[in-house]
Structure formats: structure tokens, C-alpha cells
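1. Show me how the following folds:
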Amino acid sequence: MNTLLQINASIHAEQGQSSQLAQRFVDAWSARRPHARIIHRDVGRDPVPHLSAERFAAFLAPPQARSAAQRAITDYSDALIAELRQADLVVLGLPMYNFGLPSQLKAYFDHVARAGETFRYTAQGPVGLLSGKSAYVFAARGGYYAGTPLDTQSRYVRDFLHFVGIDEVKFVYAEGLAVSPESKASGLADAVAQIEQLAA
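-> A predicted model of the protein is given here:
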């Protein structure tokens with residue numbers, strides 16, 4: 001693996017627990033791979049615009065028929081997709097807000113899921129075009145949700161990554177962070193132990 005794309009989604013930027021866990025992994029991973037390239041994308045600090053009818057129409061318009069405004073929209077999306085294409089490993093810092101993922105991350109997903117670019121439709125169903133990559137997801141939660149019906153994040157993120165062709169996905173959970181100081185310490189310690197194993 002030569003290129004890592006780190007995507008942080010916390011509204012607290014690098015101060016978010018999910019961002020800190022992701023950064024801890026990236027630091028350990030890159031220390032063992034000094035020649036690797038790291039690409040940073042913080043959708044909490046630098047939000048991707050939410051999908052609108054105007055933006056969706058730009059994606060659907062034939063390239064030669066796009067207006068200047070539509071070209072600017074697709075150029076922005078193309079830049080996000082280019083980062084994904086270059087990455088061998090995607091690292092996602094994922095906080096949980098009200099049982100779901102941050103809307104900023106959903107907006108990012110909406111801009112990188114484009115037919116003919118990151119997936120294509122076939123008679124047998126959609127086929128992802130970003131194969132050969134892995135993803136590590138560092139999920140921070142105030143309560144305990146992993147493995148329960150309230151964890152709507154994990155299935156959604158896994159399904160989305162599969163949709164664009166990324167099938168090797170591993171989750172590291174830090175849970176109970178808002179329950180008590182003891183549960184926070186325990187949850188973070190468990191996540192850090194897993195990070196050390198993954199980064200080796």
C-alpha cells in the first residue's frame with residue numbers, strides 16, 4: 001500500500017474522538033511506511049455541499065453539454081473521486097450523531113457515487129469500479145450500539161463502500177464514551193489496542 005486517504009467527518013475536526021482514533025492509526029501506519037503518501041479530506045472542517053437538483057443535473061448532463069456552472073460542479077466531484085482512485089487504503093473517522101452518520105459525510109458519498117465513474121449498472125445489478133482497495137472505519141459513539149438495531153451506521157457505510165467496489169472493510173469501535181469516565185477510558189483503550197494491531 002502506497003497511498004492512504006484519510007477522511008474525517010467529525011464536526012469537531014481534529015478534536016473529535018473519531019478523528020483522533022483515525023489519526024492515531026495513520027500515524028502508526030505511516031511510521032512503518034515512510035515513503036507512503038497520505039491524502040487528507042476533512043468533511044467536517046471543509047464540508048461538501050449537500051446534493052441538490054442542480055448538482056445532480058450536472059452529474060447527469062453529457063460532458064460536452066455542461067454549462068460553466070455544471071463543469072465547476074463536476075470538476076469538484078471529479079477531484080473527490082480522484083482522491084479515492086489514488087488510495088490503496090481508505091481511513092474513515094466516523095462519529096455517530098443521532099443514530100446516523102454526519103450529514104457532511106452523506107454529502108461526500110453523494111458526490112463520489114457517480115455512474116460510469118465509481119460504479120456502473122449492469123443487468124445483474126450495480127458493479128463497483130473502485131476495486132482493489134481496503135477501508136478501515138474508526139467509529140466513536142457516546143453509547144453502546146455495535147451489533148444492535150440502533151447501529152444504522154455500520155451497515156450503511158459497509159453497503160456504500162461495497163457499492164463503489166471496496167469490499168474489504170474493517171470497523172474499530174470506541175463506544176460508551178458519554179456513559180461515564182470509566183466507560184470512556186475503557187472504550188478508547190479497546191480501540192487503541194485494535195489500532196496497534198491493524199497498523200502493525
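2. May I have the secondary structure class of the residue nearest to the spatial centre of the chain?
-> The residue at the geometric middle of the chain, judged as the C-alpha nearest the mean C-alpha position with C-alpha atoms, centre = their mean, is residue 92 (4.2 Å). Assigned state for residue 92: strand (three-state reduction, DSSP: H, G, I helix; E, B strand; the rest coil).
3. So it versus residue 57, what's the distance?
-> Per C-beta to C-beta, to the nearest Å, residue 92 is found 29 Å from residue 57. Quick note: C-beta positions are derived from backbone N, CA and C, even for glycine.
4. quick one, helices of the protein?
-> If DSSP state H is used as the criterion, the helices of the chain fall at 17-31, 53-60, 68-86, 103-112, 152-163, 181-199.
5. can the ones you listed go into TSV with extra columns for mean neighbour count and distance to residue 39?
-> Rendered in TSV, the data for those read as follows (neighbours: other C-beta atoms under 10 Å; distance: least, C-beta to C-beta, whole Å):
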stretch	mean neighbour count	distance to residue 39
helix 17-31	20	11
helix 53-60	14	22
helix 68-86	15	5
helix 103-112	20	13
helix 152-163	17	17
helix 181-199	15	18
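6. can you tell me which of the ones you listed comes nearest to residue 9?
-> When the helices of the chain are compared for distance to residue 9 using C-beta to C-beta, the nearest one is helix 103-112, at 4.1 Å.
7. ok, back up a step: export the helices of the chain to CSV and tack on distance to residue 97 and mean pLDDT?
-> As requested, the helices of the chain are arranged in CSV below (distance: least, C-beta to C-beta, whole Å; pLDDT from 0 to 100):
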stretch, distance to residue 97, mean pLDDT
helix 17-31, 11, 96
helix 53-60, 23, 97
helix 68-86, 21, 98
helix 103-112, 8, 97
helix 152-163, 10, 97
helix 181-199, 17, 95
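8. Of those helices, which is nearest residue 7?
-> Comparing the helices of the chain under C-beta to C-beta, the one sitting nearest is helix 103-112, at 7.1 Å.
9. quick check: angle from that closest one to helix 53-60?
-> 30 degrees (axes from the mean of the first three to the mean of the last three C-alpha atoms, to 10 degrees).
10. quick revisit: go through the helices of the chain and name the closest to residue 2.
-> helix 68-86 (9.2 Å).
11. chain center to the closest one, what's the gap?
-> Relative to the centre of its chain, helix 68-86 is centred 17 Å away, using C-alpha atoms, centre = their mean, to the nearest Å.
12. ditto for stretch 41-56
-> In terms of C-alpha atoms, centre = their mean, the centre of stretch 41-56 is found 13 Å from the chain centre.
13. for stretch 176-189, same thing?
-> Averaging C-alpha coordinates over stretch 176-189 and over its chain gives two centres that are 24 Å apart (C-alpha atoms, centre = their mean).
14. Many thanks, we can stop here.
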